[in-house]
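# Pasting the sequence and the predicted model now:
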Amino acid sequence: MIILRLARQSLANRWLTATLTILAIAVSVMLLLGVEKVRTGARQSFADTISGTDLIVGARSGALNLLLYSVFRIGNATNNITWKTYQEISKAPDIDWIVPISLGDSHHGFRVMGTTTDYFKRYHYRRTHALEFAEGAPFSDLFDAVIGADVAAQLGYKIGDKIIVAHGLGSTGFLEHDDKPFRVSGILAKTGTPVDRTVHVSLEAIEAFHVDWQSGARIPGQTVSADEVRKMKLEPTAITAALIGLKSKLAIFGLQRAINEYRAEPLSAILPGATLQELWGLVGTAETALAAVSAMVVVTALLGMVTMILTTLNERRREMAILRSVGARPATILGLLVAEAALLIVLGALSGITLLYGALFALQPYIDRVYGLFIAIEPLKSSELISLGGVVLAGILAGLLPALRAYRLSLADGMTVRT
Amino acid sequence: MTVHQVKAVMPVAAPDIVSMSGVRFAWPSRDSFRLAIDDFTLQEGERLLLIGSSGSGKSTFLSLLTGIVTPQAGSITILGTGIAGLSGSARDRFRGEHFGIIFQMFNLLPYGSVIDNVLLPLSFSAERRKRATARGNAGAEAERLLTSLGIEASLVRGASAASLSVGQQQRVAAARALIGAPQIIIADEPTSSLDRNRQQAFLDLLFTVVAEAGATLVMVSHDESLGHRFSRVAPLSSIARTEHGGGQP
């Protein structure tokens, strides 16, 4: 149809401003959807910090606190679990596996965690991913340490390097277990979880460098050399928490109740998945702010489009007078301008989607590797399609603004061609 | 030559295709300007030259004639239809159907091809489309008109309207006004952007194609010297009385 072809040619005649407008809309749409993708990815990565663990047991405390110190290495345990209790719990028939962890020391700001080699087999993240060794192997000697990817990267450690663990959690604790250096035996691959920022040693090692310590300080005059320590029987007296996997998920709540009601010692057992959700509820407010910012960017792009159409309106009054002289109704002129806005916004939205997926395909492996943030490449979800539809609708409504002005102008100008 | 004099007497039998009586009009937005037309008629086949310059109510008169605006009082009957009583969109359709309009300048959509500019009115009038395709297809009819107006065939499909000279643009505008044989051709100072020689050439062509189409021509100009070509010459002021404080473009 001639009228549509002429409208297209009119737009093509203004291709530079039109292209820039489409680009602005495309970038804003990419941002809007990209933020949504990152948000989903971040939420998923967060929820996938620990998988396959059915219960986490610690001394009686709030669920969030227990999760924060046992998984995220944030804050401190209010109390320990005695080794005796730990052994009692591990006898529960529903338990498939149990891994103790012991926290409290640090190395250059990174937490040192005592555990067993089972930890490397049992700790899963992102549903089914087990920990992998980038280099080396789990600890085999008493003074072996396995470090996370961030620890290795930030401190530049290689296999075989000697490290000294500090007592307490300061980044440069002056109370150092300097008489008992550790050897780096393994470096874990990047996971995007707090494991990356942890120095893992055996439970016995935690005991070993505390044998000549009492109440947080060295016992004066009593030093036990590393070689002497090797000969000692090192059984932990207490641990900080334990990760538990069950034979059947059906047993989770029963065991949780049993642990929470444990007589000999006040304990808490939490379901990591549920508690992660709860925690996300707290940190997730930032996502709302992100979404608000990207919505503002979309508004800016739409304003740009309206401005572009409005500024061309004056020079196009002649075009409208010509159309009216050949019998076009003002409504036709209104329709043409709204159609133009709709075309710009739809092209912008489509380009935005193309840009987004292009960027996702190009950057997904990099983001995963460097930030441990896995962004799934999936088709647009219905909620994203709805927000896209909202953008298009808003664009068309915004396009009504110049269109109505053109409508009024064409009524007032009549057939007069003004320069 | 005085402009009041009627140059030729039309056959008595020719019916009125336009008649206005008791028309009173004021632009709603422009406070002081008023236009009154007590009695005006146009007969079929007439070639009327209205002499009027800017501020004489020319645009308002043409807007009333073509149904862009409707008067506050009085009647305007065109081809037997009282257009003041029509709805806005019906008037737009009526204009597209029965009028061919040539402006002073910048008649064309500059980015469109010559042929698309000529065919544009057919998108708005089924009647004109039917007449234009009576002898074949509309494109061939447009080419026939353009050829008889002296536009080279090479320009018809390839060139964008903006690449034409002013004289060529006015001739393309004439082809657009004439396609589909509307009954009334309105030309608003169509030659004012042309030099003297090209004015004559343009009018020669315009008169020829208007005569071929059997249309009625109303032309507005401030140039009285063109009068000898027309069947009637009248100053606009003898038809439409204006009162105004401010200027009227």
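Perfect, I can see it now.
# Any residues of chain B in contact with chain A? List them.
B:29, B:59, B:62-63, B:66, B:68-69, B:88-89, B:92-93, B:95-97, B:99, B:101, B:103-112, B:116, B:119-125, B:176, B:249 (CB under 8 Å from any CB of the partner chain). Using the backbone N, CA and C atoms, a C-beta is placed for each residue, glycine as well.
# in what helix or strand does the most centrally placed residue in chain B lie?
Geometric centre of chain B, nearest residue: residue B:186, 0.8 Å, by CA atoms, centre = their mean. For residue B:186, the host element (DSSP states H and E) is strand B:184-188.
# hmm, who's touching that strand?
B:17-18, B:42, B:58, B:62, B:65-66, B:78, B:98-104, B:177-178, B:206, B:210, B:215-220 (CB atoms under 8 Å, 6 or more residues apart in numbering or on different chains).
# Recalculate using a threshold of 6 Å.
Identification of contacts with strand B:184-188 by CB atoms under 6 Å, 6 or more residues apart in numbering or on different chains yields B:98-104, B:177, B:210, B:215-220.
# Name the next helix or strand following that strand along the chain.
helix B:196-213.
# So for that following helix, mean pLDDT?
Mean per-residue pLDDT for helix B:196-213: 84.
# If you count neighbours, what's buried in that helix?
Buried residues in helix B:196-213, counted by 16 or more other CB atoms under 10 Å in any protein chain shown: B:198, B:199, B:202, B:203, B:205, B:206, B:209, B:210, B:213.
# Determine the angle, from 0 to 180 degrees, between that helix and strand B:184-188.
Angle, helix B:196-213 to strand B:184-188, by axes from the mean of the first three to the mean of the last three CA atoms, to 10 degrees: 170 degrees.
# now for helix B:196-213, which elements pack on it?
Under the contact criterion of 3 or more CB pairs under 6 Å, 6 or more residues apart in numbering or on different chains; DSSP states H and E, helix B:196-213 touches helix B:166-178.
# Let's verify the residue in the stretch 251-400 of chain A positioned nearest to chain B: helix, strand, or coil?
With CB to the nearest CB, the shortest gap between the stretch 251-400 of chain A and chain B falls at residue A:327, namely 1.7 Å. Classification of residue A:327 by DSSP: H, G, I helix; E, B strand; the rest coil places it in coil.
# what ranges do the helices span in the stretch 251-400 of chain A?
A:252-260, A:272-283, A:285-313, A:317-325, A:330-371, A:382-413 (DSSP state H, counting those that start in this stretch).
# Tabulate these in JSON lines, adding columns for mean pLDDT, mean neighbour count and distance to chain B.
Putting the helices of the stretch 251-400 of chain A into JSON lines (pLDDT from 0 to 100; neighbours: other CB atoms under 10 Å in any protein chain shown; distance: least, CB to the nearest CB, whole Å) gives the following:
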{"stretch": "helix A:252-260", "mean pLDDT": "92", "mean neighbour count": "16", "distance to chain B": "71"}
{"stretch": "helix A:272-283", "mean pLDDT": "86", "mean neighbour count": "15", "distance to chain B": "54"}
{"stretch": "helix A:285-313", "mean pLDDT": "83", "mean neighbour count": "16", "distance to chain B": "12"}
{"stretch": "helix A:317-325", "mean pLDDT": "82", "mean neighbour count": "24", "distance to chain B": "4"}
{"stretch": "helix A:330-371", "mean pLDDT": "89", "mean neighbour count": "18", "distance to chain B": "7"}
{"stretch": "helix A:382-413", "mean pLDDT": "84", "mean neighbour count": "17", "distance to chain B": "6"}
